[in-house]
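1. quick one: sequence plus predicted model below, questions after.
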Amino acid sequence: DAGVIQSPRHEVTEMGQEVTLRCKPISGHNSLFWYRQTMMRGLELLIYFNNNVPIDDSGMPEDRFSAKMPNASFSTLKIQPSEPRDSAVYFCASSFGLVETQYFGPGTRLLVL
Amino acid sequence: DAKTTQPPSMDCAEGRAANLPCNHSTISGNEYVYWYRQIHSQGPQYIIHGLKNNETNEMASLIITEDRKSSTLILPHATLRDTAVYYCIVRVNTDKLIFGTGTRLQVFP
């Protein structure tokens, strides 16, 4: 099993640009989670999906952030426009059901200049 | 808010048992204790979880006190690759994982 796949692994962009982060969950998992990690705030849950439907987006910082899950094998997290304070490591995780163990991807390191 | 208290850092000699404590004095009856770890620059990794009874798997053992107000994660023979930040999390099974600041375990030769 390839595990959770995230792309790109590193992203450097300029303030104001659109950023799209991608995640492929483990095959057969029906729950997907997006987290953000910074030194200041630690690891925060942004949004999670169950069966491709967003369940809780209360962690999304503001309207500049949006997430979609068009099918069971793909999700995107988009930031538009990006700001320097969005610089962080973004992790995607998946699980077989909301109550089951979450498996994390390697993360995307985002730097907004 | 994280519902757990962990020491910020610990050291352990390679080959010895690493015992990582966690206080969760406000835990409710239907909340589980989960442990994850994060090795530098990687995503968090699930280790073990339990409700009341002690649990053991190939990675670690989890000892939960009878009153459930604290627990200990035991890595029986720590290796250098166990150097990581260890997170103790309490959650109802249907709830979110909320990560605190964890314990930074340094295993030394």
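-> Looks like it arrived, so ask away. Numbers count the residues shown, from 1 in each chain, chains lettered A, B, ... in the order given.
2. check chain A for the residue nearest chain B and tell me.
-> Ranking the residues of chain A by distance to chain B (CB to the nearest CB) places A:Phe104 first, at 3.1 Å. For glycine as for every other residue, the C-beta is placed from the backbone atoms N, C-alpha and C.
3. residues contacting that residue?
-> For A:Phe104, the contact set (CB atoms under 8 Å, 6 or more residues apart in numbering or on different chains) comprises A:4, A:35, A:91-93, B:43-45.
4. and the pLDDT for the residue lying closest to A:Lys24 once chain neighbours are set aside?
-> Nearest residue to A:Lys24, sequence neighbours excluded (CB to CB, 6 or more residues apart in numbering or on different chains): A:Ile5, at 4.2 Å. Looking at A:Ile5, its pLDDT is 97.
5. residue contacts, A:Pro106?
-> Counting by CB under 8 Å, 6+ apart, A:Pro106 touches A:4, A:6, A:9, B:42-43.
6. can you list those in CSV and add secondary structure and distance to A:Ala67?
-> Listed next are the contacts of A:Pro106 as CSV, based on DSSP: H, G, I helix; E, B strand; the rest coil; distance: CB to CB, whole Å:
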residue, secondary structure, distance to A:Ala67
A:Val4, coil, 15
A:Gln6, strand, 13
A:Arg9, coil, 19
B:Gln42, coil, 22
B:Gly43, coil, 17
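7. show me which of those residues are buried.
-> Among the contacts of A:Pro106, those buried by neighbour count (16 or more other CB atoms under 10 Å in any protein chain shown) are A:4, A:6, B:43.
8. the first one touches A:Thr108, doesn't it?
-> Looking back up the chat, that one is A:Val4. No. Using CB atoms under 8 Å, A:Val4 is not in contact with A:Thr108; the gap is 11.5 Å.
9. what residue in chain B comes nearest to chain A?
-> Nearest residue of chain B to chain A: B:Gly43, at 3.1 Å (CB to the nearest CB).
10. how about the contacts made by that residue?
-> B:Gly43 sits next to A:4, A:91, A:93, A:104-107 when contact means CB under 8 Å, 6+ apart.
11. let me have the residues you listed in CSV, adding distance to B:Tyr32 and secondary structure as columns.
-> CSV is the format used below for these (distance: CB to CB, whole Å; DSSP: H, G, I helix; E, B strand; the rest coil):
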residue, distance to B:Tyr32, secondary structure
A:Val4, 22, coil
A:Phe91, 21, strand
A:Ala93, 17, strand
A:Phe104, 18, strand
A:Gly105, 23, coil
A:Pro106, 26, coil
A:Gly107, 25, coil
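12. which two of these have the greatest separation?
-> For the contacts of B:Gly43, the farthest-apart pair by CB to CB is A:Ala93 and A:Pro106; their separation is 11.1 Å.
13. give me the common contacts of those two.
-> Common neighbours of A:Ala93 and A:Pro106, counting by CB under 8 Å, 6+ apart, are A:4, B:43.
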